[in-house]
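Peer 1: Build me a model:
(2 chains)
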Amino acid sequence: GDQVEQSPSALSLHEGTSSALRCNFTTTTRSVQWFRQNSRGSLINLFYLASGTKENGRLKSAFDSKELYSTLHIRDAQLEDSGTYFCAAEHYAQGLTFGLGTRVSVFP
Amino acid sequence: EAAVTQSPRNKVAVTGGKVTLSCNQTNNHNNMYWYRQDTGHGLRLIHYSYGAGSTEKGDIPDGYKASRPSQENFSLILELATPSQTSVYFCASGEGLGGAETLYFGSGTRLTVL
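Peer 2: Have a look, this model is predicted:
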């Protein structure tokens, strides 16, 4: 909610193109996780980052704890990348605070 | 990969009735969580647990109780269900290694309170 701001709220991509999603944090964040929720509602963990960058196939994520933001890049978008992407911040209390999500639609 | 199983997948309850949502994980994770997901609010933490016998309040615990009778099982209990508790509920588990943990989610339970 209020502590995690995701943008954009929705994104349409042609197959083969690339784009980036962003999360801004309003308070100090120890780590960030990115999830994708598919049309059936299942939440899949994509990345866990305490700092730096990670890459997995066509997805790459970065986390800057000092500047309070994280990004998720989608390269060469495919139809199966469609879904709602959530970032979640781990603060210094237990549990994660989720953003409101970015709905990504990839079309031919 | 962590396996988190929720039951039931769908539930319809009446106002004032008691509802129990169940969650089972098979990877011996210490921490378990209950979230609800609503349009405009994202996922919000209701209760969580550090291990068997432990339950802690999350961000929105009012109207909910939790029970962790064993490492594997974590239940969410609505003693007196209200229509405002209509939502999709997700259970998650994590290793709990000093806070640095990846969460694994169940498939969700869609609850409708009439």
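Peer 1: contacts for the helix or strand where A:His73 lies?
Peer 2: Of the helices and strands defined by DSSP states H and E, A:His73 is found in strand A:69-74. The list of residues contacting strand A:69-74 from outside it, by C-beta atoms under 8 Å, 6 or more residues apart in numbering or on different chains, reads A:13, A:18-25, A:32, A:34, A:46-47, A:49, A:58-64, A:81, A:85, A:87, A:104. Any C-beta I mention is one placed from the backbone N, CA and C, and that applies to glycine too.
Peer 1: of the residues you listed, buried ones?
Peer 2: Judged by neighbour count, with 16 or more other C-beta atoms under 10 Å in any protein chain shown as the criterion, the buried members of those are A:13, A:19, A:21, A:23-25, A:32, A:34, A:46-47, A:49, A:59-64, A:81, A:85, A:87, A:104.
Peer 1: Where strands are concerned, which of those count?
Peer 2: Using DSSP state E, the subset of the buried ones among the contacts of strand A:69-74 located in strands is A:13, A:19, A:21, A:23-25, A:32, A:34, A:46-47, A:49, A:59-64, A:85, A:87, A:104.
Peer 1: distance between the host helix or strand of B:Thr20 and the chain's centre?
Peer 2: For B:Thr20, the element it lies in under DSSP H and E is strand B:19-25. Here strand B:19-25 shows a centroid-to-chain-centroid distance of 7 Å under the convention C-alpha atoms, centre = their mean, to the nearest Å.
Peer 1: From the contact counts, what lies against that strand?
Peer 2: Applying 3 or more C-beta pairs under 8 Å, 6 or more residues apart in numbering or on different chains; DSSP states H and E, one finds that strand B:19-25 contacts strand B:4-7, strand B:10-13, strand B:31-38, strand B:75-78, strand B:87-94, strand B:109-113.
Peer 1: who wins for proximity to A:Phe98 among those strands?
Peer 2: For these, distance to A:Phe98 was read as C-beta to C-beta. The smallest value, 7.8 Å, belongs to strand B:31-38.
Peer 1: Run me through the strand neighbours of the closest one, direction for each.
Peer 2: strand B:42-49 (antiparallel), strand B:87-94 (antiparallel) (DSSP bridges).
Peer 1: which stretches of chain A have low pLDDT?
Peer 2: Within chain A, the segments meeting pLDDT under 70 span A:1-2, A:92-94.
Peer 1: Could you list the contact residues of it toward chain B?
Peer 2: Proximity of chain A to chain B (C-beta under 8 Å from any C-beta of the partner chain) is limited to residues A:1, A:30-31, A:33, A:35, A:40-43, A:45, A:48, A:50, A:86, A:88, A:90, A:94-101.
Peer 1: In ChimeraX, select just the buried ones from these.
Peer 2: Listed next is the ChimeraX selection for buried residues among the residues of chain A next to chain B, using 16+ other C-beta under 10 Å:
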select /A:31,33,35,43,45,48,86,88,90,94,95,96,97,98,99,100,101
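Peer 1: so who does the nearest residue to A:Thr26 once chain neighbours are set aside touch?
Peer 2: With sequence-adjacent residues excluded and distances taken as C-beta to C-beta, 6 or more residues apart in numbering or on different chains, A:Thr26 is closest to A:Gln3, at 5.1 Å. Neighbour list for A:Gln3: A:25-27, A:89, A:91, A:97 [criterion: C-beta under 8 Å, 6+ apart].
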